[in-house]
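**Q** Model the structure of this input:
(chains A and B)
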Amino acid sequence: MDANEFIKNFAAQFDDTDASEFTPETRFRELDEWSSLNALAILNMIGKKYSVMLKPEEMKPTNTVQELFDLVQSKLS
Amino acid sequence: MNPFSLTGKTILVTGASSGIGRAIAVVCSQMGATLIVTGRNESRLSETVSMLEGDGHLQITADLTNLQEMEKLVESLPKIDGLVNNAGIANPLVLQLTEENDVNDIFQTNTLVPVHLTRLVLQHKKLNKGASLVYISSINGNNCAYIGSSIYAASKSALTGFMKAVALELSPRGIRANCINPGMIETDLLKAGSIGEEELEKDRLKYPLKRYGKPEEVAYAATYLLSDATQWMTGTSLVIDGGYTLQ
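**A** As a prediction, the model looks like this:
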């Protein structure tokens, strides 16, 4: 699982935040445009691209892109 | 004569191996009906049959998304007095990530299966005069909508449109068609889904009656629509949603 690819896929679920702004440290819940729609889109993206079906409550404790990446990776191994 | 009784009626229920379909089969049998239950999972379907009251029930394992299997099933049917189109799928998915196969899968199960099954029971003359067709639609797409459900909503409102025209077309033979539009119901489909328990609990509180529905509460409505109590009801949709769409 490639971290840069994950960030790209993650960034694609946002409209107002430029893709270049996303780094592993990005605290996505603090973005202006963050909403339940982004949350669902990210869960769907992870399901489609990585075949990992996360539940919203599993995603809840994650705040940075890196933390979410680690969570998905832990499900893959 | 109890107008709510289903004694003497033969009723076909799809998706009867679990959830709402199983509850409908069980309640119909308690009301005196002879059931023909169908579903994809043979052992769970047998479990449903073991829960039915009375004798003479029939179990037919079939994948109705396969048109040949559906036609075979219809050919093997006795004449029926009721058909409950219940089988359905749901999976929250934002439109932005929706692909052709997602659209096809949802429409296939939620819309095309009921359309073809209705068409085939008609063409094979399996409907008794005065038969009742019941479609399990949803408040979603008909009375409200949710994020991540555009295709589901479309599939369920398409089903409602279909039901209305069928109601009109079959009215000369006294055959009735109606929908049930449930809100969220506590089923295995829900438990197996991508929504966590914490989120579900928050969502349940959005309902004025502070909980999701129970499968048997949809079954009671189906029983009502299948009975002679509703002989003058056709083309309607019964909303059963704990008051959700009042808000």
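
**Q** where along the chain do the strands fall?
**A** Since no chain was named, I'll use chain A. Assigned by DSSP state E, the strands in chain A number zero.

**Q** please go with chain B instead
**A** B:10-13, B:34-39, B:58-61, B:80-85, B:127-136, B:176-182, B:237-240.

**Q** I'd like those strands as CSV, with mean pLDDT appended.
**A** Listed next are these as CSV, based on pLDDT from 0 to 100:
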stretch, mean pLDDT
strand B:10-13, 98
strand B:34-39, 98
strand B:58-61, 97
strand B:80-85, 98
strand B:127-136, 98
strand B:176-182, 98
strand B:237-240, 98
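
**Q** can you redo those as TSV with mean neighbour count?
**A** C-beta here means a position set from N, CA and C on the backbone, and glycine is covered the same way. Compiled in TSV, the strands of chain B are given as follows (neighbours: other CB atoms under 10 Å in any protein chain shown):
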stretch	mean neighbour count
strand B:10-13	26
strand B:34-39	26
strand B:58-61	17
strand B:80-85	26
strand B:127-136	22
strand B:176-182	25
strand B:237-240	18
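
**Q** quick one: which of those strands is nearest residue B:188?
**A** The closest of the strands of chain B to residue B:188 is strand B:34-39. By CB to CB, the value is 12.6 Å.

**Q** ok, residue 51 - how many residues close by?
**A** If you meant another chain, say so; for now it's chain A. Neighbourhood size, residue A:51 [other CB atoms under 10 Å in any protein chain shown]: 9.

**Q** sorry, should have said chain B
**A** Tallying neighbours of residue B:51 according to other CB under 10 Å, which is how burial is gauged here, yields 13.

**Q** show me the contacts for the nearest residue to it once chain neighbours are set aside.
**A** The spatial neighbour of residue B:51 that comes closest, neighbours along the chain excluded (CB to CB, 6 or more residues apart in numbering or on different chains), is residue B:26 at 5.2 Å. Applying CB atoms under 8 Å, 6 or more residues apart in numbering or on different chains to residue B:26 gives the contacts B:48, B:51, B:52, B:53, B:216, B:219.

**Q** pretty sure the fifth one contacts residue B:23?
**A** Yes: Residue B:216 sits in contact with residue B:23 when judged by CB atoms under 8 Å, with a separation of 4.7 Å.

**Q** Between the two, tell me which one has more neighbours.
**A** When residue B:216 and residue B:23 are compared on other CB under 10 Å, the one with more neighbours turns out to be residue B:23, at 25 against 16.

**Q** I'd say that one and residue B:223 touch.
**A** No: in this structure residue B:23 lies outside contact range of residue B:223 using CB under 8 Å: 10.1 Å.

**Q** between the strands of chain B, which gets nearest to chain A?
**A** strand B:176-182 (21.8 Å; CB to the nearest CB).

**Q** quick one on the thing from earlier: just put the strands of chain B in CSV and tack on distance to residue A:36.
**A** Formatted as CSV, the entries for the strands of chain B read as follows, by distance: least, CB to CB, whole Å:
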stretch, distance to residue A:36
strand B:10-13, 35
strand B:34-39, 33
strand B:58-61, 39
strand B:80-85, 32
strand B:127-136, 27
strand B:176-182, 23
strand B:237-240, 25
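
**Q** nearest to residue A:65, of the ones you listed?
**A** strand B:176-182 (38.2 Å).

**Q** Can you spell out which helices and strands pack onto that closest one?
**A** Identification of packing neighbours for strand B:176-182 by 3 or more CB pairs under 8 Å, 6 or more residues apart in numbering or on different chains; DSSP states H and E yields strand B:127-136, helix B:150-170, helix B:215-226, strand B:237-240.

**Q** quick one: contacts for residue 24?
**A** In the absence of a named chain, this looks at chain A. With contacts defined as CB under 8 Å, 6+ apart, residue A:24 is in contact with A:3, A:7, A:64, A:65, A:66, A:69.

**Q** hm, I was asking about chain B
**A** So residue B:24 contacts B:13, B:16, B:84, B:86, B:215, B:218, B:219, B:222, B:223 (CB under 8 Å, 6+ apart).
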